[in-house]
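Colleague: Just to be clear, the model below is a prediction. Sequence and coordinates:
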Amino acid sequence: MKPTLIAAAELDRLETWAKYHKGLCDSCQAVCCTMPAEVRIADLVRLGVLDEFDAGEPPRQLAKRLMKDGVIQHFNQKRELFTLQQMSNGDCLYLDRKTRRCTVYDKRPDTCRNHPQIGPRPGYCAYRPR
């Protein structure tokens, strides 16, 4: 059987995304980790950024503190969603630049755990080969 070649996807063009299949991440540049990651308080507790006691504070107050600490870059008060900080090159704060692997994989947010089942094009990912 001939191997199937997959072209590199363009993040902003959903029609170029590849249908996800098991093992696809093994040879990817972790393009999904350059997309803004929206998280909830429970995710921040799992990451160890907040503790259970902090979770009782008003979300807006938490957002101010986490922005100052450089953990989040945006807070949507209406939906109570925090957007994780991205590095200057667009990478997630928790993505290792050399290995292109998540440094908090076991504690990663639900957004990451559920990708690509949810997201801009469910069942597809912005695959780009290494």
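Modeller: Yep, it's here. Numbers count the residues shown, from 1 in each chain.
Colleague: Touching, residue 127 and residue 16? I think so.
Modeller: No. Taking contacts as C-beta atoms under 8 Å, residue 127 lies outside contact range of residue 16: 9.2 Å. The way it works is simple: take the backbone N, C-alpha and C, and place the C-beta from them, glycine included.
Colleague: Compare those two (neighbour count), which wins?
Modeller: Using other C-beta atoms under 10 Å, the more surrounded residue of residue 127 and residue 16 is residue 127, with 23 against 16.
Colleague: now that one: how far from residue 101?
Modeller: Computed as C-beta to C-beta, to the nearest Å, the residue 127 to residue 101 distance reads 16 Å.
Colleague: confidence score at residue 11?
Modeller: Residue 11 is assigned 87 on the pLDDT scale.
Colleague: Which of the three states applies to it?
Modeller: coil (DSSP: H, G, I helix; E, B strand; the rest coil).
Colleague: Now for it: which residues touch it?
Modeller: Counting by C-beta atoms under 8 Å, 6 or more residues apart in numbering, residue 11 makes contact with 31, 34-35, 126.
Colleague: give me that answer again for 6 Å
Modeller: residue 126 (C-beta atoms under 6 Å, 6 or more residues apart in numbering).
Colleague: Against which helices or strands is the longest helix seen in the chain packed?
Modeller: The helix that spans the most residues within the chain, counting by DSSP state H, is helix 59-68. Judged by 3 or more C-beta pairs under 6 Å, 6 or more residues apart in numbering; DSSP states H and E, helix 59-68 has no packing partners among the helices and strands.
Colleague: how about a cut-off of 10 Å?
Modeller: Judged by 3 or more C-beta pairs under 10 Å, 6 or more residues apart in numbering; DSSP states H and E, helix 59-68 is in contact with helix 41-47, strand 72-76, strand 81-84.
Colleague: Let me know the average pLDDT across stretch 18-30.
Modeller: Averaged across stretch 18-30, pLDDT comes to 92.
Colleague: what are the ranges of the strands in the protein?
Modeller: 18-19, 38-39, 72-76, 81-84, 124-125 (DSSP state E).
Colleague: what lines up beside the fourth one in the sheet?
Modeller: In this case it means strand 81-84. Sheet pairing for strand 81-84, assigned by DSSP bridges, gives strand 38-39 (antiparallel), strand 72-76 (antiparallel).
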